[in-house]
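**Q** Build me a structure from this.
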Amino acid sequence: CQDAAAFTVRFGFDQATLTGEAQSTLQRLADCMKRAPARRVTVQGNCDERGTAQYNIALGNRRADAARKYLSDLGVGGTIDTVSFGKEKPVCRANSEDCWAKNRRDDFVIDR
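**A** Here you go, the predicted model:
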């Protein structure tokens, strides 16, 4: 529960729908949050480099909102904020599908 990076959620190309794997990851995060509540959770939506900046900000928002709603539906209390970084915070910079897949994600910041 201490390592927020363990709860990174991945998305398909041009998708903001939570996969079964993403739902499972969010369930684990919700379980941790119930055992050790946080003051605030920030869901950070990210995209790969393809698409315009404006499009990717909107897509990142949809991704972050999907995770926020799912956590809320699971009963996570406290404040859950969202932010979209679009394509501005890549974790990988190669021009390959493997790299792009790593950048299509939600990260979590947990303030206790």
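**Q** per-residue confidence at the residue of the chain positioned farthest from its centre?
**A** Distance from the centre of the chain peaks at N95, with 21.7 Å (CA atoms, centre = their mean). At N95, the model reports a pLDDT of 94.
**Q** swap in N46?
**A** N46 is given a pLDDT of 98.
**Q** The nearest residue to L59 once chain neighbours are set aside: what's it in contact with?
**A** Nearest residue to L59 in three dimensions, chain neighbours excluded: C47, at 5.3 Å (CB to CB, 6 or more residues apart in numbering). Placement of C-beta: from N, CA and C, glycine included. Contact analysis of C47 by CB atoms under 8 Å, 6 or more residues apart in numbering lists N56, L59, G60, R63, G86, K87, N103, R104.
**Q** Distance of C47 relative to D107?
**A** C47 is 12 Å from D107, where distance means CB to CB, to the nearest Å.
**Q** Check V43 too.
**A** Here the criterion is CB to CB. By it, V43 lies 8 Å from D107.
**Q** who's more crowded, the two?
**A** Taking other CB atoms under 10 Å, V43 and D107 do not tie; V43 has more neighbours (26 against 20).
**Q** Wasn't the more buried one part of a strand?
**A** Yes: under DSSP: H, G, I helix; E, B strand; the rest coil, V43 sits within a strand.
**Q** so who does it touch?
**A** A64, D65, A67, R68, L71, I80, D81, T82, V83, D106, D107, F108.
**Q** if you skip the residues just before and after it, what's nearest to the last one?
**A** The reference is to F108. Nearest one to F108, counting by CB to CB, 6+ apart, is A4 at 4.6 Å.
**Q** what helix or strand is the residue nearest the centre of the chain on?
**A** With distances taken as CA atoms, centre = their mean, the residue of the chain nearest its centroid is D106 (1.6 Å). Assigned by DSSP states H and E, D106 belongs to strand 105-111.
**Q** Tell me the buried residues in that strand?
**A** Across strand 105-111, burial judged by 16 or more other CB atoms under 10 Å covers R105, D106, D107, F108, I110.
**Q** ditto for stretch 29-38
**A** So, applying 16+ other CB under 10 Å, buried residues of stretch 29-38: L29, A30, C32, M33, A38.
**Q** Quick check: L74 touching T25?
**A** No: taking contacts as CB atoms under 8 Å, L74 lies outside contact range of T25: 11.7 Å.
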